[in-house]
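>>> I'd like to go over a predicted model; first the sequence, then the structure.
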Amino acid sequence: MTSVVDAPSTTSTSPARGLICRACGAEYPLAAQHACYECFGPLEVAYDEAALARVTRAQIEAGPQNIWRYAALLPAGQDPATRVTLDPGLTPLVAAPQLAAAVGIEAPLYVKDDSQNPTHSFKDRVVSVALTAAKELGFKRFSCASTGNLANSVAAHAARAGVPSIVFIPSDLEPGKIITTAVYGGELVAIEGSYDDVNRLCSELVETDEFEDTAFVNVNVRPFYAEGSKTLGYEVAEQLGWRIPAQVVIPMASGELLTKVDKAFSELVEIGLAEAPEGGWTVFGAQSEGCNPIAVALHADTDVITPVKPTGIAKSLNIGDPAAGPYAIEAVKRTGGWMDYANDEEIRAGIRLLAETTGIFAETAGGTTVAVLKKLVASGKLDPTKETVVYNTGEGLKTLDAVAGQVGPTHTIKPSLRGAREAGLLG
Ligand SMILES: *Cc1c(COP(=O)(O)O)cnc(C)c1O
Ligand SMILES: [Zn+2]
């Protein structure tokens, strides 16, 4: 193990000490590498624990009003001048008493509303960290394989940084996701296939000479990308007054976000920045019925994920072969949680329930998470007497089709009192 020697507490060097294989523990230097040379397992960032332990609440609280307040806990961006950022983060943690009543939760319930990020999804966090690392590593072009929100965020960040981008999406994405990506003017490649096909192609492109200078945020710089998700754990703890909530419900595509929120909570407790709840925290995962390979594996009591061909309206979660699935299962089992999934009708109902009880309009991923929250309470898996945070990771305006036709004017009338009377508005 390497250690940083006598770094001052105001150090601007990265607390990351290298990359470590999640499967076999082999260690590598910090670089654009995502798979283990020994066992092909996924790599993640390993930190110098002494460097993390020097971070204080006061230091974070004095930082910027965005994810970079946690820079000392992240693998890139210690120097503000190198950051590739739209300054995402510090999104609202919204108290949701009406939603709690509707689903049968008696304890405080909060919605972490990450639709309030610059490109309206939590992906701005992971992209900002990944592209900052990419810039520090010398990459000249930004890219990704996306289910929609990632493409949107990469294209926007590249535009802000003045760096060319080329992003890859399945051609059947929602118009709201395609337009909000294309408007930034980078190259946008629509592929006639599923996300898993897109991802496979990107894994091949990244090996070519033409793409040598290109950082694919979720391929060759994936370990850095994944760390950005930790900020969704840090923030919730800080917003609760440096306390970790008893229960969290998190949507899963690759499963990475779930594992990193859990990792963030562990780090905060280890370095003494936040208090764990009595009995520890419990992590719950949400998928859609059209793409539920992680939940199905957990239900079958295995951590071997059988890939599926995704269907259904929750397209941002449609990863049929989820890379972090086994690690999401590990986190959920270790913390005593559970996973469940919702069908399209339940997802639509979840979007409307969240909107009607909190004033938050979520995309299909948020509808999925709320629908699963309801199921977890009904099945007794989630304790209704414990403080709970449910994560809304994306914005409803990007997936309007999900509820179009379900909602509309309750009355259409002539512009007169007579019209109002005829509609029953005047008794
Ligand atoms: C990508 C995405 C997720 C899930 O992310 P993973 O880390 O791959 O599990 C959740 N919600 C939305 C809206 C997303 O775009
Ligand atoms: Zn390995």
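Thanks, I have the structure now. Numbering: from 1, shown residues only. Ligands and ions are numbered 1, 2, ... in the order given.
>>> contacts, neighbours, all on C-alpha from now
Will do.
>>> burial measure for the residue nearest to E275 when sequence neighbours are not counted, as a count.
In this structure, E275 finds its nearest non-sequential neighbour in R243, 5.0 Å apart by Cα to Cα, 6 or more residues apart in numbering. R243: 19 surrounding residues under other Cα atoms under 10 Å.
>>> and this structure, what are its domains?
Per automatic domain parsing, the domain ranges recorded for the chain read 16-84+123-225, 93-120+229-402.
>>> now do the same end-to-end measure for the shortest one.
Start-to-end span of domain 16-84+123-225 (Cα to Cα, to the nearest Å) is 14 Å.
>>> with the longest one instead?
Taking Cα to Cα, the span from the opening residue of domain 93-120+229-402 to its closing residue is 25 Å.
>>> for P223, give me phi and psi.
phi -60, psi -30 (degrees, to the nearest 10).
>>> same deal with F216?
phi -90, psi 110.
>>> again, but for the one 3 residues further on
Here is the backbone geometry of V219 (degrees, to the nearest 10): phi -120, psi -80.
>>> just confirm it contacts S143, I think it does.
No: look at V219 against S143 with Cα atoms under 8 Å: they stay out of range, at 9.2 Å.
>>> higher neighbour count, these two?
More neighbours surround S143 than the other of V219 and S143, with 28 against 21 (other Cα under 10 Å).
>>> contacts only, for the more buried one.
S143 sits next to A151, V154, S165, I166, V167, F168, T214, A215, F216, V217 when contact means Cα atoms under 8 Å, 6 or more residues apart in numbering.
>>> which element, helix or strand, includes it?
strand 141-145 (DSSP states H and E).
>>> show the average pLDDT along that strand.
For strand 141-145, mean pLDDT rounds to 97.
>>> touching ligand 1 at all, that strand?
No: for strand 141-145 and ligand 1, the contact criterion (Cα under 6 Å from any ligand atom) is not met; the two come no nearer than 10.8 Å.
>>> can you name the element that comes right after that strand?
That would be, after strand 141-145 and using DSSP H and E, helix 149-161.
>>> buried residues, that next one. List them.
By neighbour count on 16 or more other Cα atoms under 10 Å, the buried set for helix 149-161 is N149, L150, A151, N152, S153, V154, A155, A156, H157, A158.
>>> dump it to CSV, restricted to CA.
Provided in CSV are the C-alpha atoms of helix 149-161 (Å, rounded to 0.1, in the frame of the first residue of the first chain):
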residue,chain,number,x,y,z
ASN,A,149,-29.5,11.5,-19.7
LEU,A,150,-25.8,10.7,-20.0
ALA,A,151,-25.7,11.8,-23.6
ASN,A,152,-27.5,15.0,-22.7
SER,A,153,-25.0,15.8,-19.9
VAL,A,154,-21.8,14.9,-21.8
ALA,A,155,-22.9,17.1,-24.8
ALA,A,156,-23.7,20.0,-22.5
HIS,A,157,-20.4,19.7,-20.4
ALA,A,158,-18.4,19.4,-23.6
ALA,A,159,-20.1,22.6,-25.0
ARG,A,160,-19.3,24.5,-21.8
ALA,A,161,-15.7,23.3,-21.9
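>>> what angle do it and strand 141-145 make?
With axes from the mean of the first three to the mean of the last three Cα atoms, to 10 degrees as the basis, helix 149-161 and strand 141-145 are set at 170 degrees to each other.
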